[in-house]
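In: Here is my input; please provide its structure:
(one chain, ligands or ions: 1)
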Amino acid sequence: MNKATDPSRSDGTFPLGNRSIDPGAAPYLNVSCTAHTACWDRAIRSVAATVATWRRCTTAALGLGWALGSAAAAAASGPASPDALMKEPLRLPAGYQLVWSDEFSTDGLPDATKWVYDTGMNKQGWHNAELQYYSDARPENSVVRDGKLLITARKEDLSARADWGGQKYSSARLITRGKGDWTYGFYEIRAKLPCGLGTWPAIWMLNTPVEWPAGGEIDIVEHIGREPGHVFSTLHTAAGHGAHGTGNGTQVPDACTAFHDYQLHWTPDHMRFGIDGKVHHVYRNARQGTAQWPFDAPEFLILNIAIGGHLGGPVDDAIFPVQMEVDHVRVYQAPR
Ligand SMILES: [Ca+2]
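Out: Here you go, the predicted model:
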């Protein structure tokens, strides 16, 4: 979203938590065969995730073992070429397990064991000259109802609040910082985005210490009201951030009237961004260092609607209230 939470609030008290290594990123299959010895690798024949669990060698199976090994390694590390990474449908990888989710099945305020209200910059104003005030535990701005999280932006005056910074609009920014963060994995957020001139909804991630841009920002999906139906995904790093972030978008004409699955598959090798299984952006680890790829450390999730600002642009006051509906947030990872 080209904006970080206030780095001054990085107090180091948040646990890293839930780190895991994605075996899908490396050709971890290493069948060691010697001359006159062949390998019969039952794990290869079953699933790549269980490779190396058991093997038995016979002379006759030597060639077959290596062939299957190569195929399993290729399948585990994903398609090799950028073109293939774009074309390969984006789906939950085999063997991945659900490690965190919110189905929003309990009406009321968002689950406090999973979500935190990020309100830290209300007084001084948020990044990018945005115009919203983010409220805390206020159903008018964030509530769970009928199986969905509803984040609502409104035109209203909350000047009675101690941290009010002169904003004319209210909204909510929910984060999992301190409750959940992850390195690698498959992320799926099913949502219906708000529209209207001046809206800027985002579903995104920031590195847990919030070292921006060095720590890296992953924008799974964003949309701005002045470009209806254009949804986009962006990476911000030390090598490229702000207007120089790396991303791509696609047209989803009914993004504001229908639910879609916004997806990210993050491995040590690459990130693939997709909608309903179709990839629109791939970002690869170029092995050039952390300036280009800081993404080997935990990031937490953020759901918000910003109003106006450098990217949101002019605001049409007639649009309010506007709402982002989130049906579920699911995080899957490869077994450790
Ligand atoms: Ca739901």
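In: tell me the contacts of the closest residue to the ion within the chain?
Out: Nearest to the ion in the chain, going by C-beta to the ion, is residue 147, at a distance of 3.8 Å. In short, each C-beta sits where N, CA and C put it, glycine included. Applying C-beta atoms under 8 Å, 6 or more residues apart in numbering, we find residue 147 in contact with 103, 104, 105, 327.
In: Check those residues for burial and list the buried ones.
Out: The neighbour-count test (16 or more other C-beta atoms under 10 Å) marks 104, 327 as buried among the contacts of residue 147.
In: Of the contacts of residue 147, which is the nearest to residue 202?
Out: Relative to residue 202, the closest of the contacts of residue 147 is residue 327; by C-beta to C-beta it sits at 16.9 Å.
In: which non-adjacent residue is nearest that closest one?
Out: In this structure, residue 327 finds its nearest non-sequential neighbour in residue 190, 4.1 Å apart by C-beta to C-beta, 6 or more residues apart in numbering.
In: And that neighbour, which helix or strand is it part of?
Out: In the assignment (DSSP states H and E), residue 190 maps to strand 185-192.
In: before we move on, back to that, quick one, phi psi at the residue of the chain closest to the ion?
Out: phi 80, psi 10 (degrees, to the nearest 10).
In: do the one 10 residues further on as well
Out: Backbone torsions of residue 157, given as degrees, to the nearest 10, read phi -110, psi 110.
In: What values do phi and psi take at residue 128?
Out: According to degrees, to the nearest 10, residue 128 has phi 60, psi 20.
In: I should have written residue 237 there, sorry.
Out: phi -140, psi 180.
In: how about it, what does it touch?
Out: Going by C-beta under 8 Å, 6+ apart, residue 237 touches 213, 214, 216, 217, 245, 246, 291, 292, 293, 294.
In: As CSV, these with neighbour count, distance to the ion and pLDDT would be great.
Out: As requested, those are exported to CSV (neighbours: other C-beta atoms under 10 Å; distance: C-beta to the ion, whole Å; pLDDT from 0 to 100):
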residue, neighbour count, distance to the ion, pLDDT
213, 22, 33, 96
214, 15, 35, 97
216, 24, 29, 98
217, 25, 26, 98
245, 19, 30, 93
246, 15, 32, 96
291, 13, 38, 97
292, 19, 36, 97
293, 21, 33, 98
294, 21, 32, 98
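In: From those, which land in strands?
Out: Taking DSSP state E, the ones among these that sit in strands are 217, 246.
In: Which single one of the contacts of residue 237 is nearest to residue 198?
Out: residue 245 (21.2 Å).
In: Report the contact partners of the closest residue in space to residue 309 that isn't next to it in sequence.
Out: Residue nearest to residue 309 in three dimensions, not counting chain neighbours: residue 130, with 3.6 Å by C-beta to C-beta, 6+ apart. Neighbour list for residue 130: 3, 200, 306, 307, 308, 309, 312 [criterion: C-beta under 8 Å, 6+ apart].
In: How about the secondary structure of the residue nearest to the third one when sequence neighbours are not counted?
Out: In other words, residue 306. By the measure of C-beta to C-beta, 6+ apart, the closest residue to residue 306 outside its immediate chain neighbours is residue 200, 4.1 Å from it. Going by DSSP: H, G, I helix; E, B strand; the rest coil, the secondary structure assigned to residue 200 is strand.
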